[in-house]
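Participant: Here is a sequence with its predicted model. Questions after.
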Amino acid sequence: MNILVFIEIREGKVRSSGLEALTAARKLADIAGGSVTGLLVGQALSGHVDQLSKYGVDRVLLAEHPDLSSYSPEGYREAVVSAAAV
């Protein structure tokens, strides 16, 4: 089972709920023999990729755009749909 985890950046920091979700996803993926992909959504994301590796992510996708720097239901939905298709 492959797992996609949505990770939001707020005020320049990864939200703790995303890190908690990565930890749970890693445990599930290990049991099921799958992988964990983290989807970072926001702006200025590249500096956060190394942080996610500490939580067992296999790969990281970046949805980076100025319009995603604050919550946008349509923008976030499009980011998740695009990432799920990868």
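Facilitator: It's in.
Participant: Backbone dihedrals for the residue of the chain most remote from its centre, please?
Facilitator: Each residue of the chain has a distance to the centre, and by Cα atoms, centre = their mean the biggest one is for I31: 20.4 Å. Per-residue torsions, I31: phi -70, psi -40 (degrees, to the nearest 10).
Participant: where along the protein do the helices fall?
Facilitator: With helices called from DSSP state H, the chain shows them at 16-32, 49-53, 73-84.
Participant: how near is the residue nearest to D67 when sequence neighbours are not counted to L28?
Facilitator: Excluding its sequence neighbours, the residue lying closest to D67 (Cβ to Cβ, 6 or more residues apart in numbering) is G75, at 5.4 Å. C-betas here are computed from N, CA, C, even on glycine. G75 sits 27 Å away from L28, going by Cβ to Cβ, to the nearest Å.
Participant: Quick check: buried residues in stretch 57-67?
Facilitator: V57, V60, L61, L62, A63, E64 (16 or more other Cβ atoms under 10 Å).
Participant: related to what we said a few turns ago, which one of G75 and L28 has more residues nearby?
Facilitator: Taking other Cβ atoms under 10 Å, G75 and L28 do not tie; G75 has more neighbours (16 against 12).
Participant: Quick check: the more buried one touching P66?
Facilitator: No: assessed by Cβ atoms under 8 Å, G75 is found out of contact with P66, at 10.2 Å.
Participant: If anything else comes up later, I'll come back, but that's it for now.
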